[in-house]
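Visitor: pasting a predicted model and its sequence here:
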Amino acid sequence: MAFSIKNVALYLSLGLLLACGLSIAYLFDVVESQAIHNGKLETKLIDTATKNLSLALTISNLNQEIKQAQTAADTLALEQSKQKQQTIQTVTVIKEMIKHETCRDVPIPNADKWLYYQTGGD
């Protein structure tokens, strides 16, 4: 077989064509693999976004519950303060009413179980 420029060019062209074909097949395989990987990542992204939205709603609900609990605690504290003030006023009125009574220093029987009282000249 004689080596001529035409034969060498033909064999080089066929070799180059074969290399291009193999490269294209390899690149198609890489593109397909990346498409599958991209699909998996997209699924993970959607799943993560859904979880993120769910957590954001949970946080929002918990913040609302905190506000409601704080409002309830503030209302309770205000009511307790009002009751304490009313108790102080009632005790003051009773003390003024019995101030000059002769029995004001006599303890009430069994009062230590249900009533706090001060003995003495207050």
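Guide: Done, it's in. Numbering: from 1, shown residues only.
Visitor: where along the chain do the helices fall?
Guide: Under the criterion DSSP state H, helices of the chain are mapped to 5-97.
Visitor: so where's it uncertain?
Guide: 1-2, 104, 108-122 (pLDDT under 70).
Visitor: again, 90 this time
Guide: Where the chain drops to pLDDT under 90, the residues are 1-13, 87-122.
Visitor: give me the neighbour count for Val91.
Guide: Using other C-beta atoms under 10 Å, Val91 is surrounded by 13 other residues. Yep, even glycine has a C-beta here, placed from its N, CA and C like the rest.
Visitor: how much space separates it from Tyr11?
Guide: Using C-beta to C-beta, to the nearest Å, we find Val91 at a distance of 117 Å from Tyr11.
Visitor: then Ala35?
Guide: 36 Å.
Visitor: same question, Gln83
Guide: From Gln83 to Tyr11 the distance is 106 Å (C-beta to C-beta).
Visitor: repeat that for Lys51.
Guide: 60 Å.
Visitor: and for Leu17?
Guide: From Leu17 to Tyr11 the distance is 11 Å (C-beta to C-beta).
Visitor: anything in contact with each of those two?
Guide: Listed as contacting both Leu17 and Tyr11 by C-beta atoms under 8 Å, 6 or more residues apart in numbering is no residue at all.
Visitor: neighbours around Ala25, how many?
Guide: By other C-beta under 10 Å, 10 other residues sit near Ala25.
Visitor: what about it, distance to Gln34?
Guide: For Ala25, the distance to Gln34 (C-beta to C-beta) stands at 15 Å.
Visitor: Asp105 now?
Guide: To Gln34, Asp105 is 96 Å away according to C-beta to C-beta.
Visitor: again with Glu96
Guide: For Glu96, the distance to Gln34 equals 91 Å [C-beta to C-beta].
Visitor: repeat for Gly15
Guide: 28 Å.
Visitor: equivalent analysis for Thr92, please.
Guide: Counting by C-beta to C-beta, the gap from Thr92 to Gln34 is 85 Å.
Visitor: cool, Leu16 as well?
Guide: Separation of Leu16 from Gln34 (C-beta to C-beta): 26 Å.
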